[in-house]
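Colleague: Attaching a predicted model along with its sequence, questions to come.
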Amino acid sequence: MAQPMRSPLDQAQTLYLQQLRYDGELELIVAEGLASPTAESLQVGDKQLQGLHRFQVTENSQAFKVLFSHCIAWQVLDENYTQFDPYEIKADDGKLRTLSRSRYLDHIIAYHGRFQDIEGPAKHYRVWTEDEVIDVVACEPPQVVKVDGPHIPGRKSQSVSFKK
C-alpha cells in the first residue's frame, strides 16, 4: 500500500480548486471550504434533511499552492463522474494522495513510458477537491505551500491557463 502523503492541505476542512496554470510546470491554487455556522434544511424527495451546513470559500479560508515542477501527464475530471476503483492502490487519508497503482498510471506507462528511461519511475498523485479531481503522473512529489490568496470568497473553480 502506498504511504499517505502528508501536506499542508490536510489542515483544510475541504478544498476548492481556484486556479490551474500550466507553463512547463503545473501549478494549482486551492482554497479551503469552511462550514457555514448557519444550519440549513434541504428537501430530498419526500424527506426534509435538517441541520446541514454549507461549505464555502470565505475571507477566513486558507489557500495553498501545489506545484509539480515537472509532470509527465495530468488531467482534470469533474468530481461528479468519478467512481471507486478497487484496482487502485492508494493511501486513503490526506487531501493529496499517492497512488502506486492505477489504471491512469498504467495507461501513461503503456503508451508514453519512455520517460522511465530518462526520468525514472513515476507515481500517480491525486488532489481531490469538492468539484474536481486532479490526477498527475510525476517522478517527483509536488511542493505544497500555504499562500495568501488569490482565493476569492464565494468563488469555486475559476481560471485555467496553458502556456508552453
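Modeller: Arrived safely, thanks for sending.
Colleague: which SS state does the residue nearest the centre of the chain fall under?
Modeller: In the chain, the centroid-proximal residue (CA atoms, centre = their mean) is Val127; its distance is 2.0 Å. Recorded secondary structure, Val127: strand (DSSP: H, G, I helix; E, B strand; the rest coil).
Colleague: where do the strands sit along the chain?
Modeller: With DSSP state E as the definition, the chain shows strands at residue ranges 14-22, 26-35, 40-44, 47-52, 55-56, 63-68, 71-78, 89-90, 96-101, 123-128, 132-138, 143-147, 159-162.
Colleague: what helices or strands is the fifth one leaning on?
Modeller: Yep, that's strand 55-56 we're talking about. The contact analysis (3 or more CB pairs under 8 Å, 6 or more residues apart in numbering; DSSP states H and E) places strand 55-56 against strand 26-35. In short, each C-beta sits where N, CA and C put it, glycine included.
Colleague: before we move on, the earlier item: so the residue nearest to the centre of the chain makes contact with Lys65?
Modeller: No. With contact defined as CB atoms under 8 Å, Val127 does not reach Lys65; the gap is 11.5 Å.
Colleague: Format the strands of the chain as JSON lines; extra columns: distance to Tyr111 and mean pLDDT.
Modeller: Converted to JSON lines, these look like this (distance: least, CB to CB, whole Å; pLDDT from 0 to 100):
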{"stretch": "strand 14-22", "distance to Tyr111": "20", "mean pLDDT": "94"}
{"stretch": "strand 26-35", "distance to Tyr111": "20", "mean pLDDT": "94"}
{"stretch": "strand 40-44", "distance to Tyr111": "43", "mean pLDDT": "92"}
{"stretch": "strand 47-52", "distance to Tyr111": "44", "mean pLDDT": "94"}
{"stretch": "strand 55-56", "distance to Tyr111": "37", "mean pLDDT": "92"}
{"stretch": "strand 63-68", "distance to Tyr111": "20", "mean pLDDT": "96"}
{"stretch": "strand 71-78", "distance to Tyr111": "10", "mean pLDDT": "96"}
{"stretch": "strand 89-90", "distance to Tyr111": "21", "mean pLDDT": "88"}
{"stretch": "strand 96-101", "distance to Tyr111": "17", "mean pLDDT": "91"}
{"stretch": "strand 123-128", "distance to Tyr111": "15", "mean pLDDT": "94"}
{"stretch": "strand 132-138", "distance to Tyr111": "12", "mean pLDDT": "96"}
{"stretch": "strand 143-147", "distance to Tyr111": "28", "mean pLDDT": "93"}
{"stretch": "strand 159-162", "distance to Tyr111": "21", "mean pLDDT": "46"}
